[in-house]
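K.L.:
Structure of the sequence below:
(chains A, B and C)
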Amino acid sequence: MEKTCTVMLPLTMNSSEKRENVCIFGTGDFGRSLGLKMLQCGYSVVFGSRNPRTSRLLPNGAEVLSYSEAAQKSDIILIAIHREHYEFLTDLIEVLKGKILVDVSNNLKINQYPESNAEYLAQLVPGAHVVKAFNTISAWALQSGALDASRQVFVCGNDSKAKQRVVDIVRTLGLTPLDQGSLSAATEIENYPLQLFPMWRFPFYLSAALCLFFFIYCVIREVIYPYVQEKEDSTFRMAISIPNRVFPITALTLLALVYLPGVIAAILQLYRGTKYQRFPDWLDHWMLCRKQLGLVALGFAFLHAIYTLVIPIRYYVRWRIRNTTITQVITKKDNPFITSMAWLSDSYVSLGILGFFLFVLLGITSLPSVSNMMNWREFRFVQSKLGYLTLILCTAHTLVYGGRRFLSPSILRWYLPSAYVLALIIPCTVLVIKFILIMPCINKTLMRIRQGWERNSKYS
Amino acid sequence: MEKTCTVMLPLTMNSSEKRENVCIFGTGDFGRSLGLKMLQCGYSVVFGSRNPRTSRLLPNGAEVLSYSEAAQKSDIILIAIHREHYEFLTDLIEVLKGKILVDVSNNLKINQYPESNAEYLAQLVPGAHVVKAFNTISAWALQSGALDASRQVFVCGNDSKAKQRVVDIVRTLGLTPLDQGSLSAATEIENYPLQLFPMWRFPFYLSAALCLFFFIYCVIREVIYPYVQEKEDSTFRMAISIPNRVFPITALTLLALVYLPGVIAAILQLYRGTKYQRFPDWLDHWMLCRKQLGLVALGFAFLHAIYTLVIPIRYYVRWRIRNTTITQVITKKDNPFITSMAWLSDSYVSLGILGFFLFVLLGITSLPSVSNMMNWREFRFVQSKLGYLTLILCTAHTLVYGGRRFLSPSILRWYLPSAYVLALIIPCTVLVIKFILIMPCINKTLMRIRQGWERNSKYS
Amino acid sequence: MEKTCTVMLPLTMNSSEKRENVCIFGTGDFGRSLGLKMLQCGYSVVFGSRNPRTSRLLPNGAEVLSYSEAAQKSDIILIAIHREHYEFLTDLIEVLKGKILVDVSNNLKINQYPESNAEYLAQLVPGAHVVKAFNTISAWALQSGALDASRQVFVCGNDSKAKQRVVDIVRTLGLTPLDQGSLSAATEIENYPLQLFPMWRFPFYLSAALCLFFFIYCVIREVIYPYVQEKEDSTFRMAISIPNRVFPITALTLLALVYLPGVIAAILQLYRGTKYQRFPDWLDHWMLCRKQLGLVALGFAFLHAIYTLVIPIRYYVRWRIRNTTITQVITKKDNPFITSMAWLSDSYVSLGILGFFLFVLLGITSLPSVSNMMNWREFRFVQSKLGYLTLILCTAHTLVYGGRRFLSPSILRWYLPSAYVLALIIPCTVLVIKFILIMPCINKTLMRIRQGWERNSKYS
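P.N.:
This next block holds a predicted model:
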């Protein structure tokens, strides 16, 4: 795309047709990129600048004039200037009367000023129609054909006609305008680009906490305990062995937590006998970030997979295997092949692989462009049916891994069971409850409730 | 996105501008979500409801009135009600005369009713202009900023002006309207969201069949045969060893089947001497689901990769390796290093990895958002050139794997060759034919035909 | 989608509404697909054809007439014919006067003709308004719901009204029109679909060169050297061992080269004391293809990961391990477990895995549909913060791998250090410079410059 745009520029210049005029105040990066893009899309652009010497950097084909001259050239003016320098506009009030001023500015931190930049601008220049737009688009995104970052442009303003004009421009530039209503929405629009993954915060902190807890738990069981008992130094386990316990546990727990809220919601609805009661906020928010929870879980599953696959190339493992072989040779005791062992180890690995495979599949379908192509039924099928299958496989994987160890007494160290036992608690609970919920009798009531039926209501 | 929307709501409310009125009948999940979204995008919304007590769940800023009152407030009315309850609209025929009724309803199964809900609505309320829309959008998608599921909104209706009004609304909500023509298209539009991966069905069943066949085939050769011959229990092979034969075979076969139809089509065109003859339907449909076939193949290749990488951590493998070492020590026979063996094993692994890598690359480029950024030539290059390279590498991988085994007599058990031999049939055929087709002489004719030349036609 | 469209067709036919007429000249693949799509989207289509017998292939619902008859039916005519056959249009000049002619044609190679097809058409039919459009869309993309390849349609033309008409059609077909200005832009628009990954060329050749160099380098050290010294044949190393050195080195170098331009730019800006001076072209171009560089690097990292994981299933490795064990048994010397070794090997592997994980994460976020959902701040955070973390982890991975080897004299063969030492040069340089740049004192100046401050300027 870049190529097309830049090279196409000179050609579009010598255009024979009458083209719409747009004026841009400010010749900073954003102003210039916006101007360049507009020239490419068939507008004729006039820059208003305080600083002629920078003009050599401007896209050729654009005019550069003083602010007041530039303003007269067009009835739509984009203010690509930092809020701190807005004052000078007060001198131009006369020229700007009745014109459309587009505020494209952003702040450095959320709610930096009492009122939004757009509203501040509207106060400074009462006569003009102020519209907020383009602040979510970056100079870079404009240059690189607006394909590398978000194409959504939130637009708001009090004058519908002015807003419509801007919306048309946005669309002509190949971006997606989203009308957000009146200028009072500007505050939100200006805060949006300052957010840093708001939906990911909860999953991130949760998983961090889980990791930390299980890491310490495992260190106690596998590093401190052996050291205290038989003065054995196994600190090196902290590099791979222990992470490779912590990651799968976190992954499985998070995956279960993706499906727990759905189960809780179902119970709530059954208990209340209606769906027309809002869920508690914590549950609502939990449900909204299920996707993020699931993807974080996938990340840990991925790490678990690789950490497992590198086992045989680890120095420690190779040393251990060599040792067992040697001791066997020396002690001359033969090692019979136990089929049950083979079954156990193979099926446990196999379950893990299949679970991981489905998990990856879920992850891929959660890519925006993929889920965009699915209709609602397909989306539901993948996220719930396949999702539960994944949960079942991964839980089974852990159960079989436990195998007969569950029974062995050696499992307890200082009364602490090995970590994977804790990992099984939530998944098993979720699966059991889900299993109860899908029993015909209960499921029927639930379905009726979800179709709007209410237990104690005069309408049903 | 969620954050923005919900928080932005209160702000947009105290809007000073004159906003368009929209009326929504029904206060179910979908009605409410649609109302919320519309409020956010600057419409003023009036709900028509049969059930006032649910109104506390409605987005604040929206009015709730009786159906007839609400209907008078706006000339565009969205009917967010189940088809079963449409009857009551007959009482409102007077009020609804000349208004635009938007049918957003869906059914529970394909072709549930003789006529589409929209047409049924049109019959009930003759005076109104019925438009079908929004049925592909889910309440959830609307709430979560329409980013999590499809943004496409199919619109159809007999009155162009009414349809245009709806199309504008769709666009304002940030969705993608697709005009599907007259109201008679409603049946299709209502069936669309009920489909479950129609394009994936054939690839899915085909691969399932292949898997089953090869699984049984391998079980016979590697489990039943040894048991019958020397009473050896190798059932445990069914967990990993055999799947790890079945998956690569299925993957390779499917990959070959992706390129077979293209080859057949070429032969057909050469034989007919024209491209202006429709292909048999089975070929058309086959060609349409090549992408899906390829992706399923990739899935199996992925499984094969992991199943191969876990080999060394399997109990059985470790036991075998240990045994060979021990016996060697005991029998004192040394094991010389055979370079040719090293070459064979390494190059076979290397080919597999490269093939898999290209295969993954193909998969990534088939992601909608990625292929959207490629122009047609790039898309062709990736899908055909890279695709064939992948096929060649994977076939070579299998051939080298076979190595000298091909010749050894031990390969036959009950006259059954080992499975990978069968796996090679289709890929090799495809590659050979393709090789013949790209020979200058033949290729030239083919190109001319594809550019519209016809062998026996008065125009050429 | 395919299903929907094709099946929907018959229904849309018996439409009761008055629909807009569109005429298509030429009944080739593209003409037919375009016609089909337009019928589906509610237009009534008339084909102008030289060749009645092909008409049976046309979408049913469409009329087929002679060119001149068809032209009279509509005031907008799509010319879906190869440029070579444009001449016949000169006979129709009368009929075509004042009509909108849409040139959809493409050429076979870039700049094939002196002037663009659209401009040539405009010369042939002076009376008509020529608009260039649809050439970036493929017949296949149209049939498969325009989801499989780019949806962008570049539109240019000298008559604004004519252009607007076409833009509306493009939008109705569910495609994204991009106004490129006057007809003189047609040349560029016609060249666009003929480009083959222009942005990828530099990264591709660069990595190819790096691979080749390091491959030869390693061959000299690990194949030729041992052969010359002790006549040992280790050619088989060229299959896996050496690639598994070359790939990680290339990956690390490329990753470093992604961040080098940014560092250079910063130094330049500090040196010049202003950001209002254009960077040298090579730097600009380098910065534009950073994303591609990074993705190529990820590819090599991926290969490195797999090549490493297959190590234990290689014949050579198994043979070596078995040998060491046996010799140990025979020589009876025991092998003590060295914790420091375990630490070294484990932490080196661990660092690699984490680095690779972050790298994959970066790759995923660079998918268009994913980066579309991030705001600018999130995008920056991922690409710079996470990016540098990845670089640090990968460099550390290599450093620890080097471990104490650095000191050992045996490392030099013919005065050549082992390859990974070379691999470390660029990454370390980048990291060191970056570390200096983020030191408060320097960073402050840089920030001020980037906010537009200039060292020697009358305005600051």
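
K.L.:
Every contact and neighbour count from this point should use C-alpha atoms.
P.N.:
OK.

K.L.:
In stretch A:230-240, which residues are buried?
P.N.:
Across stretch A:230-240, burial judged by 16 or more other C-alpha atoms under 10 Å in any protein chain shown covers A:234-240.

K.L.:
Please work out which residues outside that stretch touch it.
P.N.:
Applying C-alpha atoms under 8 Å, 6 or more residues apart in numbering or on different chains, the set of residues contacting stretch A:230-240 from outside is A:219, A:222-223, A:226-227, A:307, C:339, C:342-343, C:346-347, C:350.

K.L.:
check contacts around residue A:223.
P.N.:
Listed by C-alpha under 8 Å, 6+ apart, the contact partners of residue A:223 are A:233-235, A:237.

K.L.:
Same question for residue A:276, what's its three-state structure.
P.N.:
coil (DSSP: H, G, I helix; E, B strand; the rest coil).

K.L.:
tell me how far the strand or helix carrying residue A:262 is from the chain's mean position?
P.N.:
Taking DSSP states H and E as the criterion, residue A:262 maps to helix A:243-272. In this view, helix A:243-272 has its centroid 19 Å away from the chain centroid, taken as C-alpha atoms, centre = their mean, to the nearest Å.

K.L.:
what packs against it?
P.N.:
Helix A:243-272 is packed against helix A:198-219, helix A:281-288, helix A:290-309, helix A:387-402, helix A:419-437, helix A:440-450, with contacts defined by 3 or more C-alpha pairs under 8 Å, 6 or more residues apart in numbering or on different chains; DSSP states H and E.

K.L.:
The second one: how far from the chain's middle?
P.N.:
It stands for helix A:281-288. Remark: helix A:281-288 is offset 16 Å from the chain centroid, using C-alpha atoms, centre = their mean.

K.L.:
Buried residues, that helix. List them.
P.N.:
Applying 16+ other C-alpha under 10 Å to helix A:281-288 flags A:286-288 as buried.

K.L.:
Show me what the mean pLDDT comes to for that helix.
P.N.:
Taken as a whole, helix A:281-288 has an average pLDDT of 89.

K.L.:
anything in stretch A:375-383 near chain C?
P.N.:
No - on the criterion C-alpha under 8 Å from any C-alpha of the partner chain, stretch A:375-383 is out of touch with chain C, staying 10.0 Å away.

K.L.:
Output that stretch as CSV, nothing but the C-alphas.
P.N.:
The C-alpha coordinates for stretch A:375-383 follow below in CSV (Å, rounded to 0.1, in the frame of the first residue of the first chain):
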residue,chain,number,x,y,z
ASN,A,375,-22.5,-16.6,11.9
TRP,A,376,-23.8,-16.5,15.4
ARG,A,377,-24.7,-20.1,15.6
GLU,A,378,-21.2,-21.2,14.4
PHE,A,379,-19.6,-18.8,16.9
ARG,A,380,-21.7,-20.3,19.7
PHE,A,381,-20.9,-23.8,18.6
VAL,A,382,-17.2,-23.2,18.6
GLN,A,383,-17.0,-21.2,21.9
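
K.L.:
Find the nearest non-adjacent residue to residue A:273, please.
P.N.:
Distances taken as C-alpha to C-alpha, 6 or more residues apart in numbering or on different chains put residue A:455 closest to residue A:273, at 5.0 Å, once the chain neighbours are dropped.

K.L.:
which SS class is the one you found?
P.N.:
coil.

K.L.:
In the one helix or strand residue A:362 maps to, which residues are buried?
P.N.:
Following DSSP H and E, one finds residue A:362 within helix A:339-365. The neighbour-count check on helix A:339-365 (16+ other C-alpha under 10 Å) flags A:339, A:342-363, A:365 as buried.

K.L.:
The residues you listed: which ones sit near chain B?
P.N.:
Applying C-alpha under 8 Å from any C-alpha to the buried residues of helix A:339-365, those adjacent to chain B are A:339, A:342-343, A:345-347, A:349-350, A:353-354, A:357.

K.L.:
quick one, domains of chain A?
P.N.:
Domain assignment for chain A by automatic domain parsing gives A:21-194, A:201-450.

K.L.:
Residue A:307 touches residue A:244, doesn't it?
P.N.:
Yes - the criterion here is C-alpha atoms under 8 Å, and residue A:307 meets it with residue A:244 at 5.9 Å.

K.L.:
picking up where we left off before, give the buried residues for the helix holding residue A:262.
P.N.:
For helix A:243-272, the neighbour count (16+ other C-alpha under 10 Å) marks A:243-263, A:265-267, A:269-270 as buried.

K.L.:
wait, does the helix or strand hosting residue A:330 make contact with chain C?
P.N.:
Per DSSP H and E: residue A:330 is located in helix A:315-331. Yes - using C-alpha under 8 Å from any C-alpha, helix A:315-331 reaches chain C at A:315-316, A:319, A:322, A:325-326, A:329.
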